[in-house]
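Participant: Okay, here's the prediction I keep looking at, along with the sequence it came from:
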Amino acid sequence: MSKNILLFGGTGRTGLHIAKLLSNRGDNVTAVARPSTDKTKLIETGSKVFSGNPLNEEDINNVFDESSFDAVISSLGHRRGEPEPRADLVGMKMIIDAAKSRSIKRLLMITMIGAGDSIQVVSDKVIEFLGVPIKAKTEAEEYLKNSELDFTILRPGGLNDGPESGTGEMHEECIMGVISTADLAQLTLKCLDNDSSIGKTYHTIDPEIKEVAPLQRGENLPLKK
C-alpha cells in the first residue's frame, strides 16, 4: 500500500534521492522547497512540490494541512552563510510540533555524526568547524526524542555523491565513516518501512568506502559545498 509522505529538505543532496526512491516505488510525496530554490530536479522526481519556508510557521501548517500524511522525513540543513535562525533547529521544532498536533506519529530525521553522544567519535577539527551545527542538531534531536512521536534519527558522517553501492550500514553504537547520499537515502527508507527502527538512533557508514571524511583528516571546511 502506498504511503503519503511529507518531505523536508527535498532539494538537498540526500533529499532528492529520498524523493526519487519514494516516488519510484509508488508513494505519494509532498516535498517542501523554499520559494527561492530551484525546484526543477525535485519536480522531475514526480513529487508534489510545495513552495514554503521551513522557518515560517504558517507555511509549515499549510503544508501539513495539504493531506493526511503517514510519515514525515526531514533532511533539513542550515545553508552556509545564512543568518540565524537555523532551519535544522527552529524549523525542526515547528515541524515536530505540527506533526504532533495532527497526530502524525512517524517522523524520521537526518542529522549528523557529532550530535548528541556521538560527539565522542569526531575529531577536534570537526568540533572547531562544526560546533554550531552540532549543538543545533543535538538540541533538535532531544526535542524530537521528548516529543512522544515514533522517531528514527540517522546520523551520517562524511557524505559523498558517489553511486549507490548497497553496502551502507546502520549502527546503534557511535561510529565515524563515510557514506554516499544515495545509500543514506536507501537506509532512510529501510527505517521508514521497519517499525523496529522506532525510537532508535543510527550511525550510517559504508565500510566499503575507505576514504576518511575531510575534517577527520584535519582539513579545513571547503568554501562551498
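Facilitator: Cool, the structure landed.

Participant: secondary structure class for residue 170?
Facilitator: Under the three-state scheme (DSSP: H, G, I helix; E, B strand; the rest coil), the conformation of residue 170 reads as strand.

Participant: which other helices and strands contact whichever helix in the chain runs longest?
Facilitator: Secondary structure assigned by DSSP state H gives helix 124-145 as the longest helix of the chain. Helix 124-145 makes packing contacts with helix 92-101, strand 106-110, strand 150-156 when contacts are defined by 3 or more Cβ pairs under 8 Å, 6 or more residues apart in numbering; DSSP states H and E. In short, each C-beta sits where N, CA and C put it, glycine included.

Participant: I'd like those written out as JSON lines, with mean neighbour count, distance to residue 144 and mean pLDDT added.
Facilitator: As requested, the helices and strands packed on helix 124-145 are arranged in JSON lines below (neighbours: other Cβ atoms under 10 Å; distance: least, Cβ to Cβ, whole Å; pLDDT from 0 to 100):
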{"stretch": "helix 92-101", "mean neighbour count": "19", "distance to residue 144": "6", "mean pLDDT": "98"}
{"stretch": "strand 106-110", "mean neighbour count": "24", "distance to residue 144": "6", "mean pLDDT": "98"}
{"stretch": "strand 150-156", "mean neighbour count": "24", "distance to residue 144": "5", "mean pLDDT": "98"}
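
Participant: check contacts around residue 99.
Facilitator: For residue 99, the residues meeting the contact criterion (Cβ atoms under 8 Å, 6 or more residues apart in numbering) are 64, 72, 105, 107, 149.

Participant: cutoff 10 Å now
Facilitator: By Cβ atoms under 10 Å, 6 or more residues apart in numbering, residue 99 lies in contact with 6, 60, 64, 69, 71-72, 74, 105-107, 144, 147, 149, 151.

Participant: Excluding covalently adjacent residues, which one is nearest to the residue nearest in space to the middle of the chain?
Facilitator: Of all residues in the chain, the one closest to the mean position by Cα atoms, centre = their mean is residue 75, 2.1 Å from it. The spatial neighbour of residue 75 that comes closest, neighbours along the chain excluded (Cβ to Cβ, 6 or more residues apart in numbering), is residue 9 at 3.6 Å.

Participant: Any idea which of the helices and strands packed on helix 124-145 gets closest to residue 173?
Facilitator: In this view, the helices and strands packed on helix 124-145 are compared for proximity to residue 173 by Cβ to Cβ, and strand 150-156 is the closest at 11.4 Å.

Participant: list the helices and strands the closest one packs on?
Facilitator: Contact here means 3 or more Cβ pairs under 10 Å, 6 or more residues apart in numbering; DSSP states H and E; on that basis strand 150-156 packs against strand 71-74, strand 106-110, helix 124-145, strand 169-171, strand 178-180, helix 181-192, strand 200-205.

Participant: Given that strand, what are its sheet partners and their directions?
Facilitator: In the sheet, strand 150-156 lines up against strand 106-110 (parallel), strand 200-205 (parallel) (DSSP bridges).

Participant: what's the following helix or strand after it?
Facilitator: Proceeding N to C from strand 150-156, the next assigned helix or strand is strand 158-160, under DSSP states H and E.
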